[in-house]
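Colleague: Can you look at this prediction? I've put the sequence above it.
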Amino acid sequence: MLQRSTPGKQHIRIELGIVGNCMKILILSDIHANLVALESVLKATSDIEFDDIWSLGDIVGYGPRPCESVDLVRDIAPNVSIIGNHDWAAIGRLNLDDFNPVAKFASYWTTMKLGVDHLEYLESLPNRMIEDDWTIVHGSPQHPVWEYVYNARIALTNFGFYDTRICFIGHTHIQLYITEESAQDNIQPKQPRDNEVIDVSSERIMINPGSVGQPRDGDPRAGCAIFDTDAMTVTFRRISYDIKQTQQQMKDEGLPDSLAMRLSMGV
Ligand code: ZN
């Protein structure tokens, strides 16, 4: 791993890693300790031979299975795994006063559950990676852990904060994509349909694969994306999972009802 700092962005750590000649990559984000959803996504896509799996952060927070989720992500996403704001919170790198009371409670609960090895793993995650011609962050290129990219204005600013052609982001829990040209024309990000395939061969583009463990676009199914680096396409997927099972786990663990309820509605 090489590290370099960017002038004027001293607090951003950039890591360059070589993944190899990947062809098909499963992109996961915002798993939020929803192990049932994560396992369902892996099962539903098991017919595809992935060359790599990436995690765009927020492995933990909100959900009932933080230890198992960290263990699984550590196994399946050994090359690209990015830190998210809830992961930061779990390792004490975030002032929890910025969280609402429910998120704060869940974050304290998560920290108590995690073992030393889980905390060390989260501590080791970079906040940005660059692979070939793509940048990978949790929030935005400008503020990799914190900023939400949800409209053309914010996207346009952020196209100026990375040099590669494609940027993969998470954090909003909403599947979307936006090209630099459409951001310049103030055309808002597009939300894809399930199984929609987009061409990513030419324009600068930001892509959010959505959230595995807590979707917020009104569709409660787990979201993910498949990046084919040969065909240069990204396929957006939605995958049903046993929401009631996750909700029961949350109840058993004493996590707030409101966090369990929102999973049914995808909000
Ligand atoms: Zn999140």
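Modeller: Alright, I've got the coordinates.
Colleague: What is the distance between whichever strand or helix holds V234 and the centre of its chain?
Modeller: In this assignment (DSSP states H and E), V234 forms part of strand 233-239. Mean C-alpha position of strand 233-239 versus that of the full chain (C-alpha atoms, centre = their mean, to the nearest Å) differs by 14 Å.
Colleague: Which of the helices and strands in this protein ranks last by mean pLDDT?
Modeller: strand 2-6 (a mean of 34; mean pLDDT, DSSP states H and E).
Colleague: Let's see the strand holding V234 as CSV, backbone CA atoms only.
Modeller: Taking Å, rounded to 0.1, in the frame of the first residue of the first chain, the C-alpha atoms of strand 233-239 are listed here in CSV:
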residue,chain,number,x,y,z
THR,A,233,-21.2,-1.4,-17.0
VAL,A,234,-22.8,-1.1,-13.6
THR,A,235,-25.9,-3.2,-12.8
PHE,A,236,-28.1,-2.1,-9.9
ARG,A,237,-29.8,-4.9,-7.9
ARG,A,238,-32.5,-5.1,-5.2
ILE,A,239,-32.7,-8.3,-3.2
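Colleague: now for that strand, which elements pack on it?
Modeller: helix 35-44, strand 197-199, strand 222-228 (3 or more C-beta pairs under 8 Å, 6 or more residues apart in numbering; DSSP states H and E). Quick note: C-beta positions are derived from backbone N, CA and C, even for glycine.
Colleague: tell me the most buried of these?
Modeller: Among the helices and strands packed on strand 233-239, ranked by average contacts under mean count of other C-beta atoms under 10 Å, first place goes to strand 222-228 (a mean of 24).
Colleague: Please work out which residues outside that one touch it.
Modeller: Defining contact as C-beta atoms under 8 Å, 6 or more residues apart in numbering, one finds that strand 222-228 is touched by 23-29, 34, 37-38, 40-41, 45, 48, 50, 168, 173, 175, 200, 207, 209-213, 215, 217, 233-241.
Colleague: Weed out the non-buried ones from these.
Modeller: By neighbour count, with 16 or more other C-beta atoms under 10 Å, the contacts of strand 222-228 hold 24-29, 34, 37-38, 40-41, 45, 50, 168, 173, 175, 200, 207, 209-213, 215, 217, 234-239, 241 as buried.
Colleague: To D257, which of the helices and strands packed on strand 233-239 lies closest?
Modeller: For D257, the closest of the helices and strands packed on strand 233-239 is helix 35-44, at 17.7 Å, according to C-beta to C-beta.
Colleague: C-alpha coordinates for the helix or strand just after that closest one, PDB please?
Modeller: As assigned by DSSP H and E, the chain's next helix or strand after helix 35-44 is strand 52-55. This file holds the C-alpha atoms of strand 52-55, laid out as PDB (Å, rounded to 0.1, in the frame of the first residue of the first chain):
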ATOM      1  CA  ASP A  52     -13.700  -9.000  -5.900                       C
ATOM      2  CA  ILE A  53     -16.200  -7.700  -3.400                       C
ATOM      3  CA  TRP A  54     -15.900  -4.100  -2.100                       C
ATOM      4  CA  SER A  55     -17.400  -2.600   1.000                       C
END
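Colleague: residue of the stretch 51-200 of the chain with the smallest distance to the ion?
Modeller: D58 (3.5 Å; C-beta to the ion).
Colleague: From the structure, what's the count of residues near that residue?
Modeller: A count of nearby residues for D58, using other C-beta atoms under 10 Å, gives 32.
Colleague: Next one: it from S240, what distance?
Modeller: Counting by C-beta to C-beta, to the nearest Å, the separation of D58 from S240 is 21 Å.
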